[in-house]
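Chemist: coords please:
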Amino acid sequence: MATRTRTATLSVTDNRTGQSYELPIEEGAIHATDLRKIKVDEDDFGLMSYDPAFLNTASTRSSITFIDGDRGILRYGGYPIEQLAEQSSYLEVAYLLIHGELPGSAELEAWTHEITYHTFLHENVKRLMEGFNYDAHPMGMFVSVIAALSTFYPEAVAVDDPEVRMKQVHRLIAKVPTIAAFSYRHGLGLPYVYPQNELGFTANFLSMMYRVAEPRYSAHPALERALEVLFILHADHEQNCSANAMRSIGSSRVDPYSALAGAAAALWGPLHGGANEQVLRMLTEIGDVKRVPEFIEAVKSGQGGRLMGFGHRVYKNYDPRAKIIKATADSVFEVTGRNPLLDIALELERIALEDDYFVSRKLYPNVDFYSGLIYQALGLPTAMFPVMFAIPRTAGWLAQWLELVTDPEQKIARPRQLYTGYGERDFVPLEKR
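Modeler: Numbering: from 1, shown residues only. Sure, this is the predicted structure:
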């Protein structure tokens with residue numbers, strides 16, 4: 001874990017006044033508030049930094065997730081994502097994100113019991129979901145129900161109580177698969193399937209999704225493992241849009257259900273959790289492997305569509321999650337049959353990775369490029385894709401929230417602005433406008 005040692009300073013000369021300043025550098029960053037020392041005169045507010053979309057602003061210290069985008073590295077709590085995806089389970093990874101360490105046998109057993117114990121929803125929540133229109137978007141239902149849970153657990157407002165906080169963590173991680181499965185079956189007009197708590201986390205979720213009349217639903221082991229891997233890969237990803245939403249909302253000290261509903265709403269956007277749906281649309285529009293070169297040239301000339309599923313705000317190398325998902329897709333298609341869109345995706349990837357236009361721009365496949373193909377192979381409609389993302393990301397959001405509420409440096413989020421409007425103006429009565 002990084003230590004807060006002052007190792008260097010930044011010398012700044014304000015050419016407006018000729019005044020020089022020494023700003024401490026800690027952990028590769030300066031404190032933005034130190035810029036306030038740089039003033040023209042005593043009436044000056046002080047210098048601010050302008051950073052739309054937080055392209056180069058660190059708003060927190062965090063020990064949860066490490067990303068080196070240039071080298072294609074992703075680690076949870078120091079553990080490489082490749083090792084976790086190959087050897088771990090989602091609940092182990094969720095424990096790691098929440099507690100900072102992998103659990104021992106007894107800890108994992110107790111953790112699993114706590115999660116399993118809370119999988120059922122209050123019957124009034126079930127009735128709430130039944131009240132949605134038959135064609136309600138499953139992500140809209142998901143966001144709404146998560147927010148509604150705050151009314152069922154009013155003690156959750158005690159965010160400074162460690163025991164109360166952890167109880168909500170257990171509840172949320174446990175209940176999101178149930179909410180997701182109910183929202184899926186609602187759209188099909190099928191009765192909701194209650195959890196079977198003797199099953200594992202992903203097996204239980206698949207049972208709630210797909211069980212019809214059989215006494216017990218048994219998912220194919222390859223599909224169950226593939227979903228486990230996808231959940232691990234999607235569990236957290238540093239200070240992304242939805243994590244930032246979780247922290248920003250949580251900074252007001254609101255209950256975690258309300259904050260998580262806001263994070264899920266942020267995830268719903270097509271540039272975030274809905275990106276894999278855009279990939280499928282692109283592959284469908286291409287339609288045939290033979291049309292891939294034509295599509296590539298249209299993208300390069302600016303006359304065609306966008307190359308979805310390539311490039312990432314953080315990664316300037318091959319997204320490590322994309323490599324794992326690509327291998328996972330093979331095991332899924334061995335069970336479900338080969339998705340015809342896979343051949344288009346493989347050819348698209350092959351050509352793009354050999355084309356200097358994309359390589360020079362560091363446009364490599366990201367996690368969304370293959371995940372949608374797997375979800376489609378599982379029989380899921382595209383509307384369910386962001387919900388499938390939200391299930392595992394719940395653990396990451398909660399880890400970010402826990403870190404926020406226990407960090408003494410954090411205050412309620414309140415960015416500054418550069419005002420570009422009118423100066424003071426006198427009011428003009430309506431009859432004179």
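
Chemist: let me see the ranges of the helices in the stretch 301-433 of the chain.
Modeler: Taking DSSP state H, counting those that start in this stretch as the criterion, the stretch 301-433 of the chain carries its helices at 320-336, 340-354, 356-360, 368-377, 385-405.

Chemist: just send these back as TSV, with mean neighbour count too.
Modeler: Yep, even glycine has a C-beta here, placed from its N, CA and C like the rest. Listed next are those as TSV, based on neighbours: other Cβ atoms under 10 Å:
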stretch	mean neighbour count
helix 320-336	20
helix 340-354	18
helix 356-360	12
helix 368-377	25
helix 385-405	25
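
Chemist: compare those helices and give me the one nearest residue 159.
Modeler: Closest to residue 159 of those is helix 385-405 (Cβ to Cβ; 5.3 Å).

Chemist: that closest one to helix 368-377, inter-axis angle?
Modeler: Using axes from the mean of the first three to the mean of the last three Cα atoms, to 10 degrees, one finds that helix 385-405 and helix 368-377 are set 120 degrees apart in direction.

Chemist: ranges for the helices of the stretch 151-300 of the chain?
Modeler: Along the stretch 151-300 of the chain, counting by DSSP H, counting those that start in this stretch, helices occupy 162-188, 201-210, 221-233, 241-250, 256-267, 275-286, 292-301.

Chemist: so which of the ones you listed comes closest to residue 123?
Modeler: Proximity to residue 123 (Cβ to Cβ) singles out helix 162-188 among the helices of the stretch 151-300 of the chain, at 12.0 Å.

Chemist: possible to save the helices of the stretch 151-300 of the chain as TSV with mean pLDDT?
Modeler: Output for the helices of the stretch 151-300 of the chain, formatted as TSV (pLDDT from 0 to 100):
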stretch	mean pLDDT
helix 162-188	97
helix 201-210	95
helix 221-233	95
helix 241-250	97
helix 256-267	98
helix 275-286	87
helix 292-301	89
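
Chemist: hmm, back to that, nearest to residue 80 among the helices of the stretch 301-433 of the chain would be which one?
Modeler: helix 320-336 (8.1 Å).

Chemist: tell me the helices and strands packed up against the closest one.
Modeler: Helices and strands touching helix 320-336, by 3 or more Cβ pairs under 8 Å, 6 or more residues apart in numbering; DSSP states H and E, are strand 73-76, helix 81-87, helix 221-233, helix 368-377.

Chemist: between the ones you listed, which one is closest to residue 161.
Modeler: Comparing the helices and strands packed on helix 320-336 by Cβ to Cβ, strand 73-76 comes nearest, at 26.4 Å.

Chemist: parallel or antiparallel, which strands does that closest one pair with?
Modeler: Using DSSP bridges, strand 73-76 pairs in its sheet with strand 65-68 (antiparallel), strand 79-80 (antiparallel).

Chemist: just the buried residues of that strand, please?
Modeler: For strand 73-76, a neighbour-count test (16 or more other Cβ atoms under 10 Å) marks 74, 75, 76 as buried.
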